[in-house]
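> When you get a sec, could you give me coordinates for this:
(chains A and B)
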Amino acid sequence: MSASPRHVLLVEDEPGTMTTVALLLEMLGHRVSRAANGKRALAMLLQERPDVVVTDYMMPHMNGLELIAAMKADASLATVPIVLTSAAMPAHVDSQVAADAFLRKPYRIDELTGAIDRALQRRRTPPP
Amino acid sequence: MDQGSQSERVAEPLPRVSTGIFGLDNILEGGFVPGAVYIVQGTPGAGKTILSNQFCFHRVVQGEKVLYVTLLAESHSRLMQHLSSMSFYDASRVPDSVFYVSGFDDLQNEGLQGILRLLNSESTRLNATTIVVDGLFVLEESVASEREFRQFINHLSSLASLLGSTILLLTNSRRGPTSPEFTMVDGWIEIGMMTLDYRSYRYLQVHKFRGSGFVLGRHMALVGNDGFRVLPRLETVTGLAPNNGSDAPPLSSGVVELDRMLHGGLPHGSSTLVLGPTGIGKTTLGLQFVAEATPEQPGLIFSFYETPARIARKAAGVGLRLAEQIEAGSVEVLWQSLTDTLLDDIGYRLLGAVRRRGVQRLFVDGIDAIEQSSIYPGRLAPFLAALANALRDEGVTTIFTSEIPQLVGGEAEIAFGAVSAVAENIMLLRYVELEASLRRVFSLVKVRESDFDASVRELSITAQGLQLKPLPAPMEGLLTGHMTRYPSSVV
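Purely as a prediction, here's the structure:
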């Protein structure tokens, strides 16, 4: 479990998954903002300034990888830690490289909080 | 302009996309039509999701891409977990070729227009030619009026046509055929479940299919690890018209004396019905027939009652080296369980095994077991006629056995109709009381377009197989089971 409450931007197109994951994170003390796809998430990021983004890959309009690419291209968003989740990833993508942490769906909530911690830790640790 | 050629012009058949679902292309006369919209309707658990995903992954194997839009609460990861046990599912194709997205947010924020925009933008972005919308009933529930829903279906049809995509709409709605979606889409397929007595069955029925004919009525369906299989009623696929037989030389029955009585052997490509009570030698006769198989003329034993091991032992008991032939591949034994078996499943399994090895000699033991698999007794005769005809078309010479309930005496009744369509040749085996002992007797009743020896023979089962020999004296009463000598004045 994460040591301190965080502001999480949860990007997820499946309503059931969105509701359940958000509820569980909130029960653990986190604050959760919600976006149904990458395009909505990108619009929210500048206003919300979350501590971490947890994004699904397969979403309409803008998928998770497109969101990550857009965040990296924007200097003001490039430092936000990202957890990528998906049941499947494109063959050409190394999921461990694409984001700060990757989690294969379906996952348990402790696996998600662990991935959030890893993503935050990775951003705190300066590159060698 | 050449008026004559115009009047004789034949309409071009519509292009089709194969569904990859066993039996469905036969029912649809080729598959779905590109640029068309189809409703797949069924109760929860009927198999809509499996059928549609199987279609998707089949299209992917053909080099296409698929957009799968859900409007339900079920997560895609759970869906993929459930599909992972299916042989058609290929995880490596997700998400590069099969892309699962939820349309829930677009529906909630922008209504039906949002869904249309989503389908257009995502299918274009992915270059998808197959689109599945899982949860049409959610769209129905979200509209304010039937008119709005009718407009949506109309726009969806235009979209499918413009994109050249095949769109499947999955729904568990119980709305009827007069609802706008059913009148406006290009096709309507129902998948259902029914329970008769204590057994439940899946079925598929096409109610509507624009652009071509289709096989009407209900067809039984199965869901297994190999996915969704539809079993088009055999008589609708193979037809009922008898073929014209074969001019090839007759096949040995495997019993020397019987070949003499047949004046050479069993007519090539014919079907023979061997009637007799239990234990009289019907199976032995069939085994001797199949034991004549060679690698060039393969044989198949399709048994309901006896397992392959038991059949091999029985064959060895009458001097047949069936085990060696099975080992060498000239003979195959398929055992068919009688538990929860569908009539058409038996037919397709049998025909599949015949076609796979080019079987020439087939022994089906016995036809009564097929009768037990018939849900509707009225279907048995046309089914058997179609099966026999399909076997003739394959050039197979077949022996069917049928059990007579009476051990001794009584009429030799055949339990099913359409005997002429099923069997051109009939052999009758009976126990008779003769000179204070129980004997077996044999007679040819009918042989296709051929003269034959109709005399009654005594039948014995020896370590060298069946033997037929003349009766000790002229007798009569085979059919009654109580044989008596002819009166001396007649002899």
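
> quick one: contacts for residue B:336?
B:302, B:303, B:304, B:346, B:349, B:369 (C-beta atoms under 8 Å, 6 or more residues apart in numbering or on different chains). Glycine gets a C-beta too; all of them are placed from N, C-alpha and C.

> Of those, grab the buried ones for PyMOL.
Typed into PyMOL, the line below selects the buried ones among the contacts of residue B:336, using 16 or more other C-beta atoms under 10 Å in any protein chain shown:
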select buried, chain B and resi 302+303+304+346+369
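
> so where is the chain shaky, pLDDT-wise?
Looking at chain A here, since you left the chain open. Across chain A, residues meeting the criterion (pLDDT under 70) sit at A:1-3, A:125-128.

> Oops, wrong one, chain B.
B:1-11, B:239-246, B:407-418, B:478-482, B:486-491.

> Contact residues of it facing chain A?
B:69-70, B:73-78, B:80-81, B:91-92, B:94-96, B:99-106, B:118, B:121-122 (C-beta under 8 Å from any C-beta of the partner chain).

> ok, now with 6 Å
Counting by C-beta under 6 Å from any C-beta of the partner chain, chain B comes close to chain A at B:73, B:75-77, B:80, B:94-96, B:100-102, B:104-105, B:118, B:122.

> Among these, which pair sits farthest apart?
When C-beta to C-beta is used, the two most widely separated members of the residues of chain B next to chain A are B:73 and B:96, lying 25.9 Å apart.

> show me where the stretch 51-200 of chain B has strands.
B:66-70, B:98-102, B:130-134, B:166-171, B:187-196, B:199-209 (DSSP state E, counting those that start in this stretch).

> Could you list every helix and strand in contact with the second one?
By that I understand strand B:98-102. strand B:66-70 (3 or more C-beta pairs under 6 Å, 6 or more residues apart in numbering or on different chains; DSSP states H and E).

> Just the CA atoms of the strand it packs on, as CSV, please.
Provided in CSV are the C-alpha atoms of strand B:66-70 (Å, rounded to 0.1, in the frame of the first residue of the first chain):
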residue,chain,number,x,y,z
VAL,B,66,-11.2,-5.8,-36.0
LEU,B,67,-12.8,-3.2,-33.7
TYR,B,68,-14.8,-4.6,-30.8
VAL,B,69,-16.8,-2.1,-28.9
THR,B,70,-18.5,-3.0,-25.7
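
> Contacts for it, please.
B:56, B:98-103, B:122-123, B:126, B:128, B:130-134 (C-beta atoms under 6 Å, 6 or more residues apart in numbering or on different chains).

> Top of those by number of neighbours, please.
residue B:102 (31 neighbours; other C-beta atoms under 10 Å in any protein chain shown).

> Isn't that residue up against residue A:14?
Yes - the criterion here is C-beta atoms under 6 Å, and residue B:102 meets it with residue A:14 at 4.7 Å.

> isn't residue B:204 right up against residue B:229?
No - using C-beta under 6 Å as the test, residue B:204 is too far from residue B:229 to be in contact (9.7 Å).

> and chain A, which of its residues are near chain B?
A:13-17, A:36, A:58-60, A:87-88, A:90-91, A:105-106.

> Those residues, buried ones only, as a ChimeraX selection?
Only the buried entries of the residues of chain A next to chain B go into this ChimeraX selection, using 16+ other C-beta under 10 Å:
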select /A:13,14,15,16,17,36,58,59,60,87,88,90,105
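
> So which of the residues of chain A next to chain B are in helices?
A:15, A:16, A:17 (DSSP state H).

> Kindly indicate which of the residues you listed lies nearest residue B:264.
Out of those, the member with the shortest distance to residue B:264 (by C-beta to C-beta) is residue A:16, at 72.0 Å.

> Can you list phi and psi of the closest residue to that closest one other than its chain neighbours for me?
Leaving aside its chain neighbours, residue A:16 sits nearest to residue B:73 (3.8 Å; criterion: C-beta to C-beta, 6 or more residues apart in numbering or on different chains). Note on residue B:73: its backbone torsions stand at phi -80, psi -20 [degrees, to the nearest 10].

> Count the neighbours of residue B:73 for me.
16.

> and the helix or strand hosting residue A:103, which residues are buried?
Using DSSP states H and E, residue A:103 sits within strand A:101-104. Neighbour-count burial for strand A:101-104 flags A:101, A:102, A:103 (criterion: 16+ other C-beta under 10 Å).

> Direction included, what does it pair against?
Paired strands of strand A:101-104, with direction, are strand A:82-86 (parallel) (DSSP bridges).

> Summarise which helices and strands the longest helix anywhere in chain A is packed against.
Longest helix in chain A, counting residues (DSSP H): helix A:109-124. Judged by 3+ C-beta pairs under 6 Å, 6+ apart, helix A:109-124 is in contact with strand A:82-86, strand A:101-104.

> mind listing the strands for chain A?
A:7-11, A:31-35, A:52-56, A:82-86, A:101-104 (DSSP state E).

> Check the stretch 251-400 of chain B too.
B:271-276, B:299-303, B:331-335, B:361-365, B:397-403.

> In the stretch 201-350 of chain B, what residue lies closest to chain A?
residue B:227 (19.3 Å; C-beta to the nearest C-beta).

> and that residue, what does it touch?
B:54, B:86, B:88.

> Spatially nearest residue to the residue nearest in space to the middle of chain A, not counting backbone neighbours?
Closest to where the C-alpha atoms of chain A average out (C-alpha atoms, centre = their mean) is residue A:54, at 1.5 Å. Using C-beta to C-beta, 6+ apart and skipping the chain neighbours, the partner closest in space to residue A:54 is residue A:83 (4.5 Å).

> Look up which residues are beta-bridged to that neighbour.
Bridge pairing for residue A:83 - DSSP bridges - gives residue A:54, residue A:101.

> Rebuild the contacts of residue B:227 as TSV, extending it with distance to residue A:64.
Shown next, in TSV, are these (distance: C-beta to C-beta, whole Å):
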residue	distance to residue A:64
B:54	27
B:86	26
B:88	26
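
> Filter those down to just the ones in helices.
Short answer: the contacts of residue B:227 in helices (DSSP H) are residue B:54.

> Could you save the contacts of residue B:227 as CSV and add columns showing distance to residue B:41 and neighbour count?
Below are the contacts of residue B:227 laid out as CSV (distance: C-beta to C-beta, whole Å; neighbours: other C-beta atoms under 10 Å in any protein chain shown):
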residue, distance to residue B:41, neighbour count
B:54, 17, 26
B:86, 21, 18
B:88, 22, 20
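
> As CSV, could you dump the C-alpha coordinates of the longest helix along chain B?
In chain B, taking DSSP H as the definition, the longest helix is helix B:104-126. Below are the C-alpha coordinates for helix B:104-126, written out as CSV (Å, rounded to 0.1, in the frame of the first residue of the first chain):
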residue,chain,number,x,y,z
PHE,B,104,-19.8,3.7,-22.6
ASP,B,105,-18.4,7.1,-22.1
ASP,B,106,-19.2,8.2,-25.6
LEU,B,107,-22.8,7.0,-25.2
GLN,B,108,-23.2,8.7,-21.9
ASN,B,109,-21.8,12.1,-23.0
GLU,B,110,-22.9,12.3,-26.6
GLY,B,111,-25.6,9.7,-27.0
LEU,B,112,-26.1,7.7,-30.2
GLN,B,113,-24.2,10.3,-32.2
GLY,B,114,-21.2,9.7,-30.0
ILE,B,115,-21.4,6.0,-30.8
LEU,B,116,-21.5,6.6,-34.5
ARG,B,117,-18.6,9.0,-34.2
LEU,B,118,-16.7,6.4,-32.2
LEU,B,119,-17.3,3.6,-34.7
ASN,B,120,-16.3,5.9,-37.6
SER,B,121,-13.1,7.3,-36.0
GLU,B,122,-11.8,4.1,-34.4
SER,B,123,-12.5,1.8,-37.3
THR,B,124,-10.8,4.3,-39.6
ARG,B,125,-7.9,4.8,-37.2
LEU,B,126,-7.4,1.0,-36.9
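
> Thanks a lot, see you next time.
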